[in-house]
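Trainee: sequence first, predicted model second:
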Amino acid sequence: MKSIVFAGGCFWGVEHYFKMVPGVKKTSVGYINGKYKFPTYDMVCTGLTGHVECCKIEYDKEETNILLLLEHFFFIIDPTSLNQQGPDKGTHYRSGVYCYDEKDLKLTKEYINIMRNYYPDPIVVEADFAQEFWDAEKYHQNYLEVNPLGYCHIMPYKFNLVEKVDQNARKQFSS
């Protein structure tokens with residue numbers, strides 16, 4: 001099993017989407033790359049902790065890989081939107097990819113550099129090593145499963161395209 005952390009606005013939709021991605025075995029929403037220990041949602045929302053709302057993903061590297069996961073991530077975010085996804089605004093809603101090893105970070109940076117060719121505006125997605133991950137409060141975990149009519153900034157049709165995105169990405173990245 002490998003892990004990666006994606007931040008793409010409100011963590012509810014990011015988690016909900018990635019739970020459907022083939023090869024993803026576990027998700028957890030939380031906070032990463034901030035200055036304080038044991039952050040809470042209220043603390044993070046002030047923008048003063050430096051944390052970002054995120055989703056930690058554990059995946060089976062025999063079933064998927066970082067390039068496929070990055071393709072999914074870029075499908076559900078606007079990588080040119082600084083500190084915002086949809087109506088969610090603030091540094092705690094910035095977009096980022098946080099990796100646990102050098103190879104994944106290198107691949108992430110290469111992927112982002114390639115994607116720059118496909119966007120007219122600058123890509124503002126952070127790519128960095130994952131610092132300490134803090135689980136969000138229990139009521140945030142699996143939020144959209146528990147609250148199917150809950151808020152989500154990701155356009156609903158994208159949840160129906162997970163399989164198609166995965167198939168297209170597998171064709172693109174197959175070796």
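Mentor: Alright, I've got the coordinates.

Trainee: can you give me the buried ones in stretch 71-80?
Mentor: Buried residues in stretch 71-80, counted by 16 or more other Cβ atoms under 10 Å: 71-79. For every residue, glycine as well, the C-beta is placed using N, CA and C.

Trainee: next one: stretch 151-164
Mentor: 152-154, 159, 161-162.

Trainee: over to stretch 5-22?
Mentor: Neighbour-count burial for stretch 5-22 [16+ other Cβ under 10 Å]: 5-19, 21.

Trainee: surely residue 153 is in contact with residue 16?
Mentor: No. Counting by Cβ atoms under 8 Å, residue 153 stays clear of residue 16, with 11.3 Å between them.

Trainee: now do the strands in the chain.
Mentor: Ranges of strands in the chain, per DSSP state E, are 2-8, 24-32, 52-59, 84-85, 88-89, 95-99, 126-129, 134-135.

Trainee: in a markdown table: these, plus distance to residue 172 and mean pLDDT.
Mentor: Below are the strands of the chain laid out as a markdown table (distance: least, Cβ to Cβ, whole Å; pLDDT from 0 to 100):
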| stretch | distance to residue 172 | mean pLDDT |
| --- | --- | --- |
| strand 2-8 | 19 | 98 |
| strand 24-32 | 19 | 98 |
| strand 52-59 | 18 | 98 |
| strand 84-85 | 24 | 96 |
| strand 88-89 | 29 | 94 |
| strand 95-99 | 18 | 98 |
| strand 126-129 | 20 | 98 |
| strand 134-135 | 33 | 97 |
